[in-house]
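In: below are the sequence and a predicted model for it; my questions follow.
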Amino acid sequence: MVTMDLLQLTKICRSEEEAFTFLFERKKELYGISCPACSSPEFYLMHLGRLRCKQCKRDYHPFSGTLLHEMRISYTTWLWLVKLFELEVSARKASFQLDISYPTTLKGFDTLRRGILYNLSSSDILLKGEIEADETYFGGRRKGKRGRGAGHKTIVFGILERGGKVSVSIVPNASAEALMTETVKKVRGGSIVYTDKWIGYDSLMFCGYKHLNIDHRYKFKQGKVYINGVEGFWSFAKERLIKHHGISKEKFLIYIKEMEWRYNHKKEDLFDLLVSYLIGAVSL
């Protein structure tokens with residue numbers, strides 16, 4: 001895998017023209033460029049960020065309607081935001097390094113997270129084979145009950161395909177109805193589903209799955225019956241989310257889906273994927 005290193009990015013960001021050219025060429029390569037009025041692919045490059053259709057003579061912007069066009073910041077700043085986001089630099093540190101305001105940096109990072117969410121929502125691949133399922137609770141430490149039944153927590157349900165991907169969703173509770181609804185939407189019938197002994201999973205056998213469980217009060221693994229994979233993802237996600245020092249419930253979805261995306265694409269070029277979302281996902 002070849003990824004964008006800092007030296008390459010520094011060269012691309014020497015000027016707005018070079019940064020624009022990089023993004024423009026990626027847009028043309030991945031999605032094509034065409035006039036929004038007549039769909040002609042022929043154009044004149046008038047000046048930075050402005051094209052004129054050769055056929056109908058209409059002027060248009062190559063990134064109009066995309067996430068990239070949502071914010072009035074330079075192309076060089078956008079590319080550096082993408083790189084710092086890829087490297088998991090906090091918005092506060094990134095704002096200092098780029099000498100832009102914290103609200104602008106945070107909005108840029110959240111725009112990238114929405115690009116990730118848009119990409120994930122367009123994928124309808126079902127998980128299959130050997131599946132691990134588990135739910136966990138996110139939220140600050142408070143007095144009172146912990147674990148299942150704890151109040152003021154966000155409940156996240158995770159499904160992991162062994163040797164494949166993980167998928168997470170926020171659920172209202174850990175009831176059988178909530179967990180089965182998500183499982184049926186994301187797991188192919190006939191799969192083997194491994195869980196702990198929580199009664200909410202007992203209905204799996206009636207939903208077309210083979211269900212095997214492990215009682216964590218006594219052991220964490222019995223042959224192939226374990227959920228260490230999905231529990232490993234919880235550690236991966238919580239270790240990264242804790243640095244944000246609290247996430248509002250309104251924004252939590254885009255943050256937890258970012259963790260799903262990072263986990264599933266950890267062996268890929270994240271910079272290139274993020275750029276593709278930025279110039280391809282429609283502005284919401």
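Out: Looks like it came in fine.

In: residue ranges with poor pLDDT in this structure?
Out: Applying pLDDT under 70 to the chain flags the ranges 1-2, 140-151, 281-284.

In: try it again at 80.
Out: Applying pLDDT under 80 to the chain flags the ranges 1-3, 47-48, 123-124, 140-152, 281-284.

In: all the strands of it, residue numbers only.
Out: Ranges of strands within the chain are 43-47, 50-53, 59-60, 130-138, 154-161, 166-171, 192-196, 210-214, based on DSSP state E.

In: so the last one versus strand 130-138, what angle?
Out: Using axes from the mean of the first three to the mean of the last three C-alpha atoms, to 10 degrees, the interaxial angle of strand 210-214 with respect to strand 130-138 works out to 50 degrees.

In: can you count the residues close to the residue nearest to His211 when sequence neighbours are not counted?
Out: In this structure, His211 finds its nearest non-sequential neighbour in Leu204, 3.9 Å apart by C-beta to C-beta, 6 or more residues apart in numbering. Where C-beta positions appear, they are placed from N, C-alpha and C, glycine not excepted. Per other C-beta atoms under 10 Å, the neighbour tally for Leu204 reads 26.

In: one step back: output the strands of the chain as a markdown table; include the columns distance to Asp269 and mean neighbour count.
Out: Shown next, in a markdown table, are the strands of the chain (distance: least, C-beta to C-beta, whole Å; neighbours: other C-beta atoms under 10 Å):
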| stretch | distance to Asp269 | mean neighbour count |
| --- | --- | --- |
| strand 43-47 | 28 | 12 |
| strand 50-53 | 28 | 18 |
| strand 59-60 | 29 | 15 |
| strand 130-138 | 27 | 22 |
| strand 154-161 | 22 | 22 |
| strand 166-171 | 20 | 20 |
| strand 192-196 | 32 | 21 |
| strand 210-214 | 37 | 17 |
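
In: nearest to Glu86, of those?
Out: Comparison of these against Glu86 by C-beta to C-beta identifies strand 166-171 as nearest, at 19.4 Å.
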